[in-house]
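**Q** sequence first, predicted coordinates after that:
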Amino acid sequence: MPRIFVHAFSVPPDAIDVANHVNNLAYLRWMQEVAIQHSAARGWPMERYLALGQAWVVRSHFIEYLRPAFLGEALSLITYVCNLKRQSSLRRYLFYRPADQQVVARAETNWVFVKLADGRPLPIPDELGRSFELIPDEEDVLVTLGLRPAGG
């Protein structure tokens with residue numbers, strides 16, 4: 001069960017905008033998809049949340065675009081959980097291009113845990129909280145994945 005989740009893919013045609021690079025909405029969609037995949041890998045697939053009548057909803061997103069990405073490029077979308085508070089969690093993302101070893105974007109989502117019936121925030125169940133190892137520092141992620149040398 002990976003504490004750092006990595007999803008490798010190639011940029012598809014439907015992600016390209018009129019400027020011929022990846023559209024901002026594609027980044028947002030990929031962030032949501034990889035968060036769901038990481039949760040499932042940690043033992044919390046969508047079906048488990050639905051059975052509880054509880055799930056995560058987005059409070060806010062932040063994306064910093066550093067370099068453009070283009071059609072057909074190989075990207076690695078890296079995600080990890082930074083913190084767990086009583087009713088919310090901060091998840092971060094790195095869009096990494098292996099070809100030139102560059103981070104093309106970094107992002108974060110503040111997720112809130114809610115009761116699906118009424119959308120009210122709930123305390124994050126202990127079992128769910130224990131399923132995610134917290135990684136507060138991006139540098140630790142890059143070093144752990146071998147994308148940056150230790151101390152470099």
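**A** In hand now; what should we look at? Treat the numbers as computed from the prediction; the structure is a model and nothing was measured.

**Q** all contacts plus neighbour counts: C-alpha atoms, from now on.
**A** Fine.

**Q** show me the shaky parts of this structure.
**A** Along the chain, the model assigns pLDDT under 70 to residues 1, 149-152.

**Q** which stretches of it form strands?
**A** Taking DSSP state E, the strands of the chain run over residues 5-10, 54-65, 74-84, 88-97, 102-115.

**Q** packed most tightly, which of these would that be?
**A** Greatest average neighbour count among those goes to strand 88-97 (a mean of 23), per mean count of other CA atoms under 10 Å.

**Q** and that one, what does it pack onto?
**A** On a contact count with 3 or more CA pairs under 8 Å, 6 or more residues apart in numbering; DSSP states H and E, strand 88-97 meets strand 74-84, strand 102-115.

**Q** which residues touch the shortest one?
**A** By CA atoms under 8 Å, 6 or more residues apart in numbering, the residues outside strand 74-84 that reach it are 3-11, 34-35, 38, 89-99, 129, 132-137.

**Q** now with 6 Å, please.
**A** The contact list for strand 74-84 (CA atoms under 6 Å, 6 or more residues apart in numbering) reads 4-10, 89-97, 134-136.

**Q** partner strands of that strand, parallel or antiparallel?
**A** strand 5-10 (antiparallel), strand 88-97 (antiparallel) (DSSP bridges).

**Q** can I get those in a markdown table with distance to Val104?
**A** Listed next are these as a markdown table, based on distance: least, CA to CA, whole Å:
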| stretch | distance to Val104 |
| --- | --- |
| strand 5-10 | 14 |
| strand 88-97 | 6 |
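
**Q** looking at the ones you listed, which is closest to Gln54?
**A** strand 88-97 (12.9 Å; CA to CA).

**Q** and the closest one, C-alpha only, in PDB?
**A** C-alpha atoms of strand 88-97 as PDB (Å, rounded to 0.1, in the frame of the first residue of the first chain):
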ATOM      1  CA  SER A  88     -10.400  17.700   6.600                       C
ATOM      2  CA  SER A  89      -7.200  16.600   4.800                       C
ATOM      3  CA  LEU A  90      -4.700  18.300   2.600                       C
ATOM      4  CA  ARG A  91      -3.500  16.300  -0.400                       C
ATOM      5  CA  ARG A  92      -0.700  17.400  -2.600                       C
ATOM      6  CA  TYR A  93       0.100  16.500  -6.200                       C
ATOM      7  CA  LEU A  94       3.200  16.800  -8.500                       C
ATOM      8  CA  PHE A  95       3.000  16.500 -12.200                       C
ATOM      9  CA  TYR A  96       6.400  15.300 -13.200                       C
ATOM     10  CA  ARG A  97       7.800  14.900 -16.700                       C
END
